[in-house]
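Trainee: For reference, the sequence and a predicted model appear below.
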Amino acid sequence: MAKIRITLIKSGNGYSPDQRSTLKTLGLHRLHQSVVREDSPTLRGQIMKVKHLVMVEEESNATK
């Protein structure tokens with residue numbers, strides 16, 4: 001499956017507790033922190049919930 005890079009670009013402070021917990025579930029704790037995850041429908045749903053706080057990029061297959 002494809003991998004995607006998720007980067008936190010805006011703080012979760014001031015947003016609802018369920019959005020902050022979604023960021024924590026994604027593994028994002030600090031601004032400009034990035035994580036690489038396997039693409040899945042569940043992950044896409046989590047990203048949609050906090051799309052205004054994160055930036056999503058496709059990972060190239062050449063990079064491991």
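Mentor: Great, that's in hand.
Trainee: which parts of stretch 23-40 are buried?
Mentor: Within stretch 23-40, the residues scored as buried using 16 or more other C-beta atoms under 10 Å are 23, 26, 28, 37. Placement of C-beta: from N, CA and C, glycine included.
Trainee: For the third one, what is the enclosing helix or strand?
Mentor: In this case it means residue 28. Using DSSP states H and E, residue 28 falls within no helix or strand.
Trainee: Tell me how far it lies from residue 38.
Mentor: 16 Å (C-beta to C-beta, to the nearest Å).
Trainee: And for the second one?
Mentor: Shown here: residue 26 relative to residue 38, a distance of 13 Å by C-beta to C-beta.
Trainee: which phi and psi does the closest residue in space to residue 35 that isn't next to it in sequence have?
Mentor: Leaving out its chain neighbours, the residue that sits closest to residue 35 by C-beta to C-beta, 6 or more residues apart in numbering is residue 27, at 4.5 Å. Dihedral pair for residue 27: phi 90, psi 20, per degrees, to the nearest 10.
Trainee: right, and residue 27 touches residue 43 too?
Mentor: No. Using C-beta atoms under 8 Å as the test, residue 27 is too far from residue 43 to be in contact (11.0 Å).
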